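J.: Fold the following for me, if possible:
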Amino acid sequence: MKWLLLIVLLAFLIYGLFRILSFLTNPQRRLKFAQKRGTFYLFDKKDNIRMNLLLTYKGHLFEGEKYAAAKEVDHILLFPTNPYNTKMSKQDKAYIEQSLLSIYPKAKIDWTRFNEVDKNT
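T.: Residues are numbered from 1 along each chain as shown. Just a heads-up that it's a prediction; the model follows:
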């Protein structure tokens, strides 16, 4: 009986550790955390061409649709999830484009519903 209780406690401990690790490594949670902190985070599965990508930068959340030709992404359409809060500088836009081009070098990036602000920061 003592061994059975020990095995059950060990199983609960392993299950608890597994749940904690899966919570900490959840990409959706990490995306929301990066959005609150105002940092850059890209949620994308490069091997899945049909899955849209999500990225956050300086508190703005963007969704991107990937279009592929011959198993390679050749066009990315980016649009903000909140169309009323899209004021970003040209440098911010260039940083996001360079980050995406480092992953998809042959992709053409188009922005929709994007308002640029002339800031030097």
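J.: count of residues packed around L4?
T.: The local packing count at L4 equals 8, with neighbours defined by other C-beta atoms under 10 Å. C-beta coordinates here come from the backbone N, C-alpha and C atoms, glycine included.
J.: I meant to write I76 there.
T.: For I76, the count of nearby residues is 21 (other C-beta under 10 Å).
J.: now swap in T56 and tell me
T.: The criterion is other C-beta under 10 Å. On that basis, T56 has 23 neighbouring residues.
J.: if I've got this straight, it is in a helix?
T.: No. The secondary structure assignment for T56 gives strand rather than a helix, going by DSSP: H, G, I helix; E, B strand; the rest coil.
J.: and Y57, what does it touch?
T.: With contact taken as C-beta atoms under 8 Å, 6 or more residues apart in numbering, Y57 is in contact with T39, F40, M88, D92, Y95, I96.
J.: Could you measure from it over to L101?
T.: 15 Å (C-beta to C-beta, to the nearest Å).
J.: what's the answer for R19, then?
T.: Counting by C-beta to C-beta, the gap from R19 to L101 is 37 Å.
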